[in-house]
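# sequence unknown, structure follows:
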């Protein structure tokens, strides 16, 4: 299983970024996918999940600003982030929960997002 995130960078407060995650080595369309983040000096924080049926869930602080989506034809999951705040600064990770697995057991190396003026 391979999981590779991309799309991070430096953005001003109020700006937008779209993160991408390319995954392979498993049945993508039947798997659940997750985004989590880790801010400097803090623990990992769950951001959003998307399931095989397309249902989505978000942490409260991201609702209305972040949108998770998937493209099964491309084995990719995305995180559109709008109205970014300095507190969104973190390394963002993409995780995979394969069909039949009880947990998200594969994670990428992360992509860094910095929100600063």
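Sure, I can see it. Predicted, not measured: the structure shown is a model, and the values here were computed from it. Numbering: from 1, shown residues only.

# The residue nearest the centre of the chain and residue 80: what is the separation?
Geometric centre of the chain, nearest residue: residue 35, 2.9 Å, by C-alpha atoms, centre = their mean. As judged by C-beta to C-beta, to the nearest Å, residue 35 and residue 80 stand 11 Å apart. No exception for glycine: its C-beta is placed from N, CA and C like everyone else's.

# Please name the bridge partners of the residue nearest to the centre of the chain.
Using DSSP bridges, the beta-bridge partners of residue 35 come out as residue 48, residue 94.

# Which residue of this structure lies farthest from its centroid?
The chain, C-alpha atoms, centre = their mean, max distance from centroid: residue 117 (23.3 Å).

# Would you agree that one is in contact with residue 11?
No. The pair residue 117 / residue 11 is not scored as a contact, 10.1 Å apart, by C-beta atoms under 8 Å.

# returning to what we had before: any residues in contact with both of residue 35 and residue 80?
Overlap of the contact sets of residue 35 and residue 80 (by C-beta atoms under 8 Å, 6 or more residues apart in numbering) consists of residue 68.
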